[in-house]
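Colleague: the following block contains a protein sequence and its predicted model.
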Amino acid sequence: MARLSEHGIRLSSMSPSFLNSNSTSHTWPFSAVSELIDNASDPGVSAKQIWIDVVDEDGQLCLTFTDNGSGMTPNKLHKMLSFGFTEKGSGKASHQAIGVYGNGFKSGSMRLGRDALIFTKNGGCQSVGMLSQTYLQNIKAQAVIVPIVPFNQQTNSLVVTEDSEASLAAILQHSLITTQEQIHSHFDSILSKKGTKILIWNIRRAKDGKPEVDFETDVSDFRLPEVHNDELKKCLRTFGSPRAKHDVPDIHYSLKAYLSILYLKPRTQIILRGQKIPVKLVSKRLKHIEHDVYKPHFSKERVKVTFGLNPKNKDQYGIMMYHRNRLIKAYEKVGCQLKASGQRAGVGVIGIIECNFLKPAHNKQDFEYTKEYRLTLGALGLKLNDYWREVEEKKAREREFQAVERDENVDKLDAEEEKN
């Protein structure tokens, strides 16, 4: 019999299969990784650092995400392991939450692997929780069950609740952890008094049985294999500008590169495989920088737009669209960049905008395709066209000036020869 609500009506249940189907919104593994980083940097956690690594745990390849944020109480951990609960709406205007749906941890962790343990401590209590598709499958669960075990942080003793002993037995029997000593060892690996550690195992594998992410080619990075790059190039040829040479930007296959531009103004330092991720402020790396202002008529906001030329690779261009400090869409082509002419108009131009007035899709890799979004792309296209025209005119004037200088130099040489 299903549990009844306080209104005497049956509560809805959630099938364990939803954990997998929910994760499929992340077609790209780095999108799932960024969800877990967002959780650590959002208000209410505000971690100063997050460490990301791949480790061997009892013969299993595992991903770990460890932060020194505020940690969680057992009740808050339960909400994080449930669906749709979020307490992130109360951040200051200067530090607004990125996540708003209460789904990021579930979709992100279950995209990276089938099973996850969460170790968290908040200064008084330390708790371990498990979200595991394998466990639910083994016990033939009809609904999602999340074992959570609280311990006293000072004494390490079990805090007895109505389900703590059953939850502890489930975790020790159905996870990589088989003893309480191992649980406390993971708590101790969170070096700060408060913080959270996520351990993900049964990580996603490709059809050939190898891990979806390449951990071996570069020991300081998580990379996507060549087959992914080939698929991405085909996608770019299908949806991108047919006149451009399709060099795949490294953010698409290097986690290190992606994380370096993930935030406009990073608040949390990211350490990947023991090395600090160098922050790359996109606007600081451009040439011929100009600023503009976008005033959407459907919003009271006045939004700064920065344009510049990509000095490293002019075949990587478009608008970098952020939302609440977080990159949502990269290299979005607008205006003359969309035209399939042989003039390569707009090539090399990068635009940067923070679109807090738009609504991101659930996977935070796109915006909802609304009228406001289409109007914004149209307005950015016009502004980019103006910038491109100014750049081309300036280049033409410089060429004309250089030609005049050359002619003057030739005249001087001819005059000197005549004297001689």
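Modeller: Nice, I can see it. Values in this document were obtained by computation on a predicted structure and should not be read as measured data.
Colleague: shaky segments in the stretch 1-150 of the chain?
Modeller: Along the stretch 1-150 of the chain, segments meeting pLDDT under 70 span 1-5, 8, 84-102.
Colleague: now with 90?
Modeller: Along the stretch 1-150 of the chain, the parts satisfying pLDDT under 90 run over 1-16, 18, 21-22, 24-25, 41-46, 58, 82-104.
Colleague: helices of that one, start to end?
Modeller: 17-23, 29-41, 74-80, 104-112, 133-138 (DSSP state H, counting those that start in this stretch).
Colleague: can you tell which of those helices is closest to Gly123?
Modeller: helix 74-80 (13.0 Å; C-beta to C-beta). Using the backbone N, CA and C atoms, a C-beta is placed for each residue, glycine as well.
Colleague: tell me the buried residues in the closest one?
Modeller: Buried positions in helix 74-80, judged by neighbour count with 16 or more other C-beta atoms under 10 Å: Pro74, Lys76, Leu77, Lys79, Met80.
Colleague: now do stretch 19-39
Modeller: Buried, per 16+ other C-beta under 10 Å, within stretch 19-39: 19, 22-23, 25-26, 28-39.
Colleague: so what touches it?
Modeller: 45, 50, 52, 65, 98-99, 103-112, 114, 131, 133, 136, 144, 198, 204, 212-213, 222, 224, 255, 258-259, 262, 268, 270, 326, 361-365 (C-beta atoms under 8 Å, 6 or more residues apart in numbering).
Colleague: how does this structure divide into domains?
Modeller: 16-203, 282-397 (the TED database).
Colleague: between those domains, which gets nearest to Val248?
Modeller: Of those, nearest to Val248 by C-beta to C-beta is domain 282-397, at 8.8 Å.
Colleague: span of that closest one from start to end?
Modeller: 28 Å (C-alpha to C-alpha, to the nearest Å).
Colleague: give me the distance from it to the chain's centre.
Modeller: Relative to its chain's centre, domain 282-397 lies at 20 Å (C-alpha atoms, centre = their mean, to the nearest Å).
Colleague: inside strands: which ones of the contacts of stretch 19-39?
Modeller: Ile50, Ile52, Phe65, Arg114, Leu131, Ile198, Ile270, Arg326 (DSSP state E).
Colleague: among those residues, which two are most distant?
Modeller: That would be Arg114 and Arg326, which, of the ones in strands among the contacts of stretch 19-39, are the farthest apart (C-beta to C-beta) at 26.7 Å.
Colleague: where are the low-confidence patches of the stretch 201-350 of the chain?
Modeller: 225-248, 281, 283-285, 298-301, 311-315, 339-345.
Colleague: helix, strand or coil for Ile171?
Modeller: Following DSSP: H, G, I helix; E, B strand; the rest coil, we place Ile171 in the helix state.
Colleague: run through the residues that contact it.
Modeller: With the criterion set at C-beta under 8 Å, 6+ apart, Ile171 makes contact with Leu117, Val128, Met130, Pro147, Val149, Ile177, Ile183.
Colleague: separation between it and Pro16?
Modeller: Distance from Ile171 to Pro16, counting by C-beta to C-beta, to the nearest Å: 17 Å.
Colleague: got it, and Ala361?
Modeller: Distance from Ala361 to Pro16, by C-beta to C-beta: 25 Å.
Colleague: dump stretch 137-153 to CSV, keeping only the CA atoms.
Modeller: Extracted in CSV, the C-alpha atoms of stretch 137-153 (Å, rounded to 0.1, in the frame of the first residue of the first chain):
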residue,chain,number,x,y,z
GLN,A,137,18.0,-3.3,-9.2
ASN,A,138,19.4,-5.9,-6.8
ILE,A,139,16.6,-5.5,-4.2
LYS,A,140,14.0,-5.2,-7.0
ALA,A,141,12.8,-1.9,-5.6
GLN,A,142,9.5,-0.5,-7.0
ALA,A,143,10.4,3.1,-6.0
VAL,A,144,13.6,5.1,-5.5
ILE,A,145,15.1,4.4,-2.0
VAL,A,146,17.9,6.5,-0.6
PRO,A,147,19.7,5.1,2.5
ILE,A,148,21.1,7.9,4.7
VAL,A,149,23.2,7.3,7.8
PRO,A,150,24.1,10.1,10.3
PHE,A,151,27.1,10.0,12.7
ASN,A,152,28.1,12.3,15.5
GLN,A,153,31.1,14.3,14.0
